[in-house]
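Asker: based on what follows, work out the 3D shape:
(2 chains)
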Protein chains: 2
Amino acid sequence: MKVSYDELKDLFRTILEKKGFSSSDAETAAEIFAENSLAGVISHGLNRFPRVLKYIDSGDIAIGAKEKVLLSLPFFERWDCANGLGPLFARKAMQKAILMAKENGIGAVALCNNNHWMRGGYYAKMASDEKMIGLCWSNTTANMPPWGGEDARIGNNPLCIAIPVSDGPDFLLDMAISQYSYGKLETLRLKGEKLPYPGGFDKDGNLTDDPGLIEESRRMLPIGYWKGSGLSIALDLIAALLSNGNGVREISAFENEVALSQVMIVFDPVKLGIEEPEKRAREILEYTKTSPVASGFRRVTYPGESMQRTREANEKEGIEVVDDIYLGLKALI
Amino acid sequence: MKVSYDELKDLFRTILEKKGFSSSDAETAAEIFAENSLAGVISHGLNRFPRVLKYIDSGDIAIGAKEKVLLSLPFFERWDCANGLGPLFARKAMQKAILMAKENGIGAVALCNNNHWMRGGYYAKMASDEKMIGLCWSNTTANMPPWGGEDARIGNNPLCIAIPVSDGPDFLLDMAISQYSYGKLETLRLKGEKLPYPGGFDKDGNLTDDPGLIEESRRMLPIGYWKGSGLSIALDLIAALLSNGNGVREISAFENEVALSQVMIVFDPVKLGIEEPEKRAREILEYTKTSPVASGFRRVTYPGESMQRTREANEKEGIEVVDDIYLGLKALI
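Answerer: The predicted structure is shown next:
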């Protein structure tokens, strides 16, 4: 079934209002969930919404939470998000970082006790929409072994970087540090397909492209093997230290994946004296894209381009949804 | 042959002085080259020194260059390094970023027209030595295809992150965005060995662990396939935009790998209100390290630990050098 952005957004807003969120919070969160679906990341839009409702019902996500500003400097703030609904605080923090960068060239906000922000690229792109460079990342519960280890002790800690680009979509990298997600493994296993490249070890320690064997061993690969393992740890350490919040260590001890630490960093190139950064970015990307297309590939793109194509198609033709999930939510209102 | 740190350092200093560097510049650069060798990264210590001399002789590295401060804010500076000897300016820039962070909590310096900094981890570690978080990266000449492309259009843009840790070596991630280096491929090919994991495509587009086939195709893999490709581009864009300097695009048009762009970012957790960040980091790392060791591995370590072991062994037993290179340099003085 296909539905429009507006239908989705209205659905999310209505449900959140019924749950007790203020109309302004419900509107903002609904916009983010609907935008994530529109951008094609339905796993962190519609498909994740039922779990968010479960966490609201269980009290893991606090309705009407307000952030407590623990430290406020001209270019850095630290907030305690009081276990509120993740996207609300991630968006507000990025807005603040953008404001600080507009004033000072650099702005950063570190969040503790925020819940899952859904799609981090949403927040990074807020900065590039303002012709700024946005970086943000979140830690997660442990879902991968560290390099050399057997059980999950590091997070896939998504890292997002957005950079303004003239004459085309902004550069938008939104990557978990795991090579694949468990959602992707499940999807491919159900279709009887292999992963395009090895994504983990089987329980005997052999690299494998069989999604079922990785689901069984829980030995997902970080990107670049030992390198991604190190990067994941670095992102967790920085998030926990700057926010004074939970690391993967503490989050993994909770029953649910709650009370995460997140970091937003914004640079305003214009305030830092760079004229038309978006034109310079376009030049560099054009150079990258002129590499001849390798056999087996259709085109050379930069991160953000294919999402833009998906978004435009979804705007025109509607967003393909999983009927059961959509109708299940419709039944709630 | 084994030589001591002091012997190496004296050798480097004497040669640089003979080339016309001031005794202070020669001393500083010699210390960095010798420290890189001591830390076991001989590829960016002794083994790279002959190429540095070649660049000095060709004028690609300017003797006595002084940085021009293009922008100076309380927490951000931009320098033009006038094609000087890379390590001198990278070190000075990190010192400045540390000073700014000590004052303000955050400090960043962006460099244009600096030459190869050798081992980026040296500079990141300067921050963790001061109980601060240090991040730095450099762009490079194009040495990998972007994802889906056939010829080199992205750099391996090393990214370094250092974090202070109590009771043990600091966390120190120093990673190129390529899965392996061309130096590693050559070493293994000469030994007749395979790579531990696939490191690139052969010329027919098949993933391979044969180093010779990757040297032939020049289709090195970025870490995490499409993910590292995106990360490499992001690092290049940010470095070029913040420094107003060359991107991989411009650097690749030069005959030699010169006039790079680099970024140093430092956070001072203590100034930002975090008490004893190094103890917190230790707690998180201990959790990571308690993952049971997987079969085929000897231990679970965090980045920085094995380098510390190498460094201690080299301090005690001397640094193993390639005789030809060492004696060739000795003959210069």
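Asker: show the contacting residues for the closest residue to chain B within the stretch 51-200 of chain A.
Answerer: Per CB to the nearest CB, A:Gly149 is where the stretch 51-200 of chain A lies closest to chain B, at 3.0 Å. Heads up, the C-betas are built off the backbone N, CA and C, glycines and all. Contacts for A:Gly149 were tallied using CB atoms under 8 Å, 6 or more residues apart in numbering or on different chains; they are B:288, B:291-294, B:297, B:300.
Asker: now, those that are in strands?
Answerer: Within these, no residue falls in strands by DSSP state E.
Asker: quick one, helices of the stretch 1-150 of chain A?
Answerer: Using DSSP state H, counting those that start in this stretch, the helices of the stretch 1-150 of chain A run over A:5-19, A:23-38, A:49-58, A:86-104, A:121-128.
Asker: now stretch A:175-182, how far from the centre of its chain.
Answerer: Centroid separation for stretch A:175-182 versus its chain: 11 Å, with CA atoms, centre = their mean, to the nearest Å.
Asker: just the buried residues of that stretch, please?
Answerer: For stretch A:175-182, a neighbour-count test (16 or more other CB atoms under 10 Å in any protein chain shown) marks A:175-181 as buried.
Asker: of those, list those near chain B.
Answerer: A:175, A:179 (CB under 8 Å from any CB of the partner chain).
Asker: what would the buried residues of stretch A:175-182 look like in TSV with pLDDT and secondary structure?
Answerer: Formatted as TSV, the buried residues of stretch A:175-182 follow (pLDDT from 0 to 100; DSSP: H, G, I helix; E, B strand; the rest coil):
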residue	pLDDT	secondary structure
A:Met175	98	strand
A:Ala176	98	coil
A:Ile177	98	coil
A:Ser178	98	strand
A:Gln179	98	coil
A:Tyr180	97	coil
A:Ser181	94	coil
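Asker: the helices in the stretch 201-333 of chain A, which residues?
Answerer: For the stretch 201-333 of chain A, applying DSSP H, counting those that start in this stretch gives helices covering A:211-217, A:226-243, A:248-251, A:277-289, A:305-317, A:323-330.
Asker: so the fifth one versus helix A:277-289, what angle?
Answerer: What it means is helix A:305-317. Angle, helix A:305-317 to helix A:277-289, by axes from the mean of the first three to the mean of the last three CA atoms, to 10 degrees: 110 degrees.
Asker: by contact count, what packs against helix A:305-317?
Answerer: helix A:23-38 (3 or more CB pairs under 8 Å, 6 or more residues apart in numbering or on different chains; DSSP states H and E).
Asker: distance from the chain centre to the helix it packs on, please.
Answerer: Worked out by CA atoms, centre = their mean, helix A:23-38 lies 15 Å from the chain centre.
Asker: from A:Lys92, how far out is the residue of the stretch 51-200 of chain A closest to chain B?
Answerer: From A:Gly149 across to A:Lys92, the span is 36 Å (CB to CB, to the nearest Å).
Asker: likewise for A:Val322?
Answerer: Counting by CB to CB, the gap from A:Val322 to A:Lys92 is 30 Å.
Asker: more neighbours: which of those two?
Answerer: A:Lys92 (19 against 12; other CB atoms under 10 Å in any protein chain shown).
Asker: didn't A:Ser181 look like it was pressed against A:Asn156?
Answerer: Yes. Using CB atoms under 8 Å, A:Ser181 is in contact with A:Asn156, at 7.3 Å.
Asker: so where do the strands sit in the stretch 51-200 of chain A?
Answerer: A:68-72, A:76-80, A:106-114, A:133-138, A:159-163, A:171-175, A:200-201 (DSSP state E, counting those that start in this stretch).
Asker: pairing partners for the fifth one, with directions?
Answerer: Taking DSSP bridges as the criterion, strand A:159-163 pairs within the sheet with strand A:133-138 (antiparallel), strand A:171-175 (antiparallel).
Asker: cool, and the second one?
Answerer: Strand A:76-80 has these partner strands in its sheet, going by DSSP bridges: strand A:68-72 (antiparallel), strand A:106-114 (parallel).
Asker: which one of those strands is the most hemmed in?
Answerer: Ranked by mean neighbour count, these are led by strand A:106-114 with a mean of 28 (mean count of other CB atoms under 10 Å in any protein chain shown).
Asker: state the mean pLDDT of that strand.
Answerer: Here strand A:106-114 scores 98 as its mean pLDDT.
Asker: run a quick neighbour tally on the nearest residue to A:Asn47 once chain neighbours are set aside.
Answerer: The spatially closest residue to A:Asn47, leaving aside those adjacent along the chain, is A:Ile325, at 5.9 Å (CB to CB, 6 or more residues apart in numbering or on different chains). Applying other CB under 10 Å, we find 15 residues neighbouring A:Ile325.
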